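Colleague: I would like to see how this sequence folds:
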Amino acid sequence: MPILGKLIASLFTGLVAWLANIVGKKWALGMVFVGVFSSLTAALYVALSTALNAVMIAFPSYSGLELALYVAVPNNLPVVLSAVIGAEVTLTLYAWNVKLLRIMQTGS
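Modeller: You can find the predicted model right below:
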């Protein structure tokens, strides 16, 4: 009987250790993904806020702004275009990184 008790105890201990290992890996991987997604979202927010602040500083504050935008090209067109291109690049990078993380998540 003591041999059977030791066998059952060792099987139960092995099963618990195996489950703890699998669950531990999944939990650690989940925490990594949460951290990466959080940092990507924060970087996206900071980049877009910076771009919007640059555009707000570059825009003139006179009341004829609408007229200037429709009649002629404003003086700050390069700043506005660079801010828009920067925002597009940032969004594309964010979407690309999220896609890579999802591919990595399904691969494991």
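Colleague: From now on I want contacts and neighbour counts done on CA atoms only, so please keep to that.
Modeller: Fine.
Colleague: Mind listing what's buried along stretch 29-39?
Modeller: The neighbour-count check on stretch 29-39 (16 or more other Cα atoms under 10 Å) flags 33, 37 as buried.
Colleague: All further residue positions should be reported with the first residue as 447.
Modeller: Renumbered: residue one is now 447, and that last one reads stretch 475-485.
Colleague: Run through this structure and note the low-pLDDT ranges.
Modeller: Counting by pLDDT under 70, the ranges of the chain that qualify are 447, 502, 505-521, 523, 553-554.
Colleague: just the helices in it please.
Modeller: 448-504, 511-517, 523-553 (DSSP state H).
Colleague: Setting aside sequence neighbours, what's the nearest residue to the residue at minimal distance from the centre of the chain?
Modeller: Most central in the chain under Cα atoms, centre = their mean is residue 486, positioned 2.9 Å from the mean C-alpha point. Among residues not flanking residue 486 along the chain, residue 540 sits closest, at 6.6 Å (Cα to Cα, 6 or more residues apart in numbering).
Colleague: just residue 522 next, same as before
Modeller: Leaving aside its sequence neighbours, residue 522 sits nearest to residue 504 (Cα to Cα, 6+ apart; 6.3 Å).
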